[in-house]
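A.B. asks: show me how the following folds:
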Amino acid sequence: MLARIHPADRAVWLILAIAVLVCLARVPGGAAEVWSSLLVHAALLAGFTAYVAFAATSQSRWIAQAARPAVTVGVVFTLYTTLGHLGLAAMPPADAALSWVDAHLLGLHPVALERLQTPLLVEAFAVPYALFIPYIYLSAALGTLGRPPVERDAFLTGWMLTYATSYLGYVFLPAQGPIAFHAADYVSALHGGAFHDLVVRGVASTGGFFGAFPSLHVGSSLYLCVFDLRTNRLRGLTYFPIVVSIYGATLVLRYHYVIDLVAGTVIALLCVRTGPALVRRWMRARMAHGLTPLPGEDAHAVLGLPSAGDDRT
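C.D. replies: Residues are numbered from 1 along each chain as shown. You can find the predicted model right below:
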């Protein structure tokens, strides 16, 4: 059965199961938000389990090409909000520790940037921050619908691992970021223009400030860029300036600590190598059990598959 379950599906299922377990552990004496979170994540887990069972049984090309990307990405994007709220409701906040790391280990206190945060600079960095959402949706489409089968599955697996790993921080080290934690320390609020207003409204629409550690703005965008640099150099180089600008935007707009960016970078660089390695291992396991290398694909899908010695998970 494991040879039939996609590595990306396993990563998403595991983070859903962890969310349900955290809710169950915190329900006794917990806030009302924990109860509602338990219902939401239990429903997501049940629905996703049913999908995984169906996908493992049918092994059709349609599921691999269209249903899996739609379901896994949809669930993971939903978890961005639900797990952010779960962490704040179920765990002690980690903002003080993250701010201390920035100030004492990395030498940059979040409030120290205030003198640079002019309206012009704020608006300039709000542009790449606002581009993050269309960037990941475009990359999701190009990454899952416009690649050869092996490359498509490697892309999806590494990307889902990036989110699933980052969500562990959302749940166990919940933080609201400098914009909330240091609100009383700033002399004035940020002022920008139309793009900054767009960003502020976008953050408010997702439920406010949560999920600072690690930075998925950095982790997800860097993963998408690096994967393209390895497989589609021109596209990756096109994205590179946006990704670099997003790094600066997360600090200028006060949404992240520097340590959030460091953690997001490390996760992305690990997952961009781990994802393809897991898919190669999964394909070998499928062939060992007499299955096609990929669900719904013929043996030609393994052309160029590296030898076992190159599989460095």
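A.B. asks: switch to C-alpha atoms for all contacts and neighbour counts from now on
C.D. replies: Will do.
A.B. asks: wait, doesn't Leu173 sit right on Phe213?
C.D. replies: Yes - under the contact definition of C-alpha atoms under 8 Å, Leu173 touches Phe213, with a separation of 6.9 Å.
A.B. asks: neighbour count winner among the two?
C.D. replies: With neighbours defined as other C-alpha atoms under 10 Å, Leu173 and Phe213 compare such that Phe213 has more, 30 against 22.
A.B. asks: what's the burial count for the closest residue to the more buried one other than its chain neighbours?
C.D. replies: Nearest residue to Phe213, sequence neighbours excluded (C-alpha to C-alpha, 6 or more residues apart in numbering): Asp260, at 4.9 Å. Burial of Asp260, expressed as a neighbour count using other C-alpha under 10 Å, amounts to 26.
A.B. asks: mind listing the helices in the stretch 1-150 of the chain by residue range?
C.D. replies: If you assign secondary structure with DSSP state H, counting those that start in this stretch, the helices in the stretch 1-150 of the chain sit at 7-26, 32-58, 61-62, 68-90, 95-100, 119-145, 149-172.
A.B. asks: would you single out the least confident of those helices?
C.D. replies: Per-segment confidence across the helices of the stretch 1-150 of the chain bottoms out at helix 61-62, which has a mean of 76 in mean pLDDT.
A.B. asks: if we can go back for a sec, please tell me how far the residue nearest to Phe213 sits from Gln59.
C.D. replies: The spacing between Asp260 and Gln59, counted by C-alpha to C-alpha, to the nearest Å, is 39 Å.
A.B. asks: what's the answer for Tyr163, then?
C.D. replies: Using C-alpha to C-alpha, one obtains 25 Å as the distance from Tyr163 to Gln59.
A.B. asks: more neighbours: which of these two?
C.D. replies: Set side by side, Tyr163 and Gln59 give different neighbour counts by other C-alpha under 10 Å, the larger being at Tyr163 (26 against 18).
A.B. asks: next up, the contacts around the more buried one.
C.D. replies: When the contact criterion is C-alpha atoms under 8 Å, 6 or more residues apart in numbering, the partners of Tyr163 are 76, 216, 220.
A.B. asks: could these be laid out in TSV, adding neighbour count and distance to Pro28?
C.D. replies: What follows is these, written out as TSV (neighbours: other C-alpha atoms under 10 Å; distance: C-alpha to C-alpha, whole Å):
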residue	neighbour count	distance to Pro28
Val76	19	27
Leu216	24	31
Ser220	22	35
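A.B. asks: which among the residues you listed gets closest to Ile15?
C.D. replies: Using C-alpha to C-alpha, Val76 is the member of those that lies nearest Ile15, at 9.3 Å.
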